[in-house]
Each structure stands twice: as C-alpha cells, then as structure tokens.
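Engineer: output the structure for:
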Amino acid sequence: MTVNFLLDRFVRKGLTLMKKVQHDREKSNSIPIEIYKNRCLGYIERVNELKHYNQDDIKYAKKRLFNVYFYLQSVSGPERQTPHQTEISIEVVYKALNQAVYDDYYRRSGGLGYSVVRGLTLCEKKGEPINHYFRKVKKSPVIYLRPNKENIMYKAKQTKQEWLDEMAKQKKEILDENKLSRLRQQRGNPVKSLSSV
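Structural biologist: All right, here's what the predicted structure looks like:
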C-alpha cells in the first residue's frame, strides 16, 4: 500500500477506537460500544466516498476498518448508554452549524490592522443598517421661482404651443416693421415709388 494521508488518517482513527475500548474497560468497567461502532461505520462510509484514489489502497483501508468493526462487535462487557454521551449525527445539526459559521464570519470585519467584532451588544441589530461608505443625501426642499420684474434673468420653459405663438407674434412684429419702413420710404421719395410701379 502506498502512503496516502487521508486513507491512513481514517485507518488510524479506527485503530484508536480499539484503544478507547480498552481504556474505558480499565477506567469505568463500561463501554459506549454503540457509539464506537457508529463511528467506525462512518469512517468506512467516508472511505467509500473517495473516488480518485488507488482502488487497491481503498480496499486495504476498508479491510482494516472492517476488522476494527468486527472487533468492536465481539467486545463483551457492560454497555454504557448515558444521554449526555450519545452522539448526534452531523446531518441533524447541519443547517444550524452552517448558519452559525455564516454569522460568525460576517460578525468580524476590519482591515489594515483594525479588527471589529459586531453583534455582541443587545441593541446592535436594531434600526436601519448603516453603510459607512455611503450616506444618503437629505433632500432639499423644492423652491419654485416665479417670474417677476425683479427676477428678469428667469425664463420659464415654454411649451410647444407657447413657443409657436411667440414665434408667430415675433414674425408679425417684424413684418409689420418692414411694411412701415417701406411705406415711410415710399412717402419720402414719391418719384421713385411711381417709377417702380
């Protein structure tokens, strides 16, 4: 068998269970054998999940773990089953564990040597969350300017119809001025006006 760290680790954990059985028998004369059997089966399942290792190495590791399991089945003696020593499967508490890791990660922040831990006080999560890098600008009240004689620079934006009316008025004024100027010229020079006719 080649040296493979992960497979070797599972085998060592299984062999440690045999030592724990001997230790429990000497110290308390009772053994939590079901807990140890479940741990050994968990190690075997983990070895079965490994796909990218040499199959001979996986078979050898499973053979050694099954030998540990058979040894645990053959152990005789009083069995200890106390509620505070029963194991809970990781699948039962998986969601709570993930949420705790997520909360702990986002509780810590800081950089450049400054570290902050949030969420340790009772009143910290109350109210609107604060973004220290962006602050809302308060809206200023709307001020309407009215055109008057004092404020000559202000011109209200015209609608299309108002603009058309204004253009028609200006054209009419210009044309009227041109007609008046022509009439004045004609009155001032009557000979020229007769010859042009």
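
Engineer: avg pLDDT for stretch 43-57?
Structural biologist: Stretch 43-57 shows a mean pLDDT of 88.

Engineer: starting at the chain centroid, how far to it?
Structural biologist: 35 Å (C-alpha atoms, centre = their mean, to the nearest Å).

Engineer: quick one: buried residues of it?
Structural biologist: 43-44, 46-47, 57 (16 or more other C-beta atoms under 10 Å). For the C-beta atoms, the positions are set from N, CA and C on the backbone; glycine is no exception.

Engineer: residues in contact with residue 58?
Structural biologist: Listed by C-beta atoms under 8 Å, 6 or more residues apart in numbering, the contact set of residue 58 reads 7, 47-48, 50.

Engineer: return the distance of the helix or strand encompassing it from the chain's centre.
Structural biologist: Assessed by DSSP states H and E, residue 58 sits inside helix 55-74. Here helix 55-74 is found 44 Å from its chain centre; the criterion is C-alpha atoms, centre = their mean.

Engineer: again, but for stretch 174-189
Structural biologist: Going by C-alpha atoms, centre = their mean, where stretch 174-189 is centred and where its chain is centred differ by 79 Å.

Engineer: what mean pLDDT does it get?
Structural biologist: 79.

Engineer: in it, what's buried?
Structural biologist: In stretch 174-189, counting by 16+ other C-beta under 10 Å, buried: nothing.

Engineer: just the CA trace of it, in CSV.
Structural biologist: The C-alpha coordinates for stretch 174-189 follow below in CSV (Å, rounded to 0.1, in the frame of the first residue of the first chain):
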residue,chain,number,x,y,z
ILE,A,174,-41.0,92.0,-37.9
LEU,A,175,-43.3,92.0,-41.0
ASP,A,176,-45.2,95.0,-39.6
GLU,A,177,-42.0,96.9,-39.0
ASN,A,178,-40.8,96.1,-42.6
LYS,A,179,-44.1,97.3,-44.1
LEU,A,180,-43.9,100.5,-42.1
SER,A,181,-40.4,101.1,-43.2
ARG,A,182,-41.3,100.5,-46.8
LEU,A,183,-44.3,102.9,-46.5
ARG,A,184,-42.1,105.6,-45.0
GLN,A,185,-39.6,105.2,-47.8
GLN,A,186,-42.4,105.4,-50.4
ARG,A,187,-43.8,108.6,-48.7
GLY,A,188,-40.3,110.2,-48.5
ASN,A,189,-39.5,109.5,-52.2
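
Engineer: ok, back up a step: so which of the contacts of residue 58 are in helices?
Structural biologist: 7, 47-48 (DSSP state H).

Engineer: could I get the pLDDT score of residue 111?
Structural biologist: pLDDT, residue 111: 63.

Engineer: so that it lines up with my notes, have the first residue be 320 from now on.
Structural biologist: Got it, the first residue is 320 from now on, which makes the last one we talked about residue 430.
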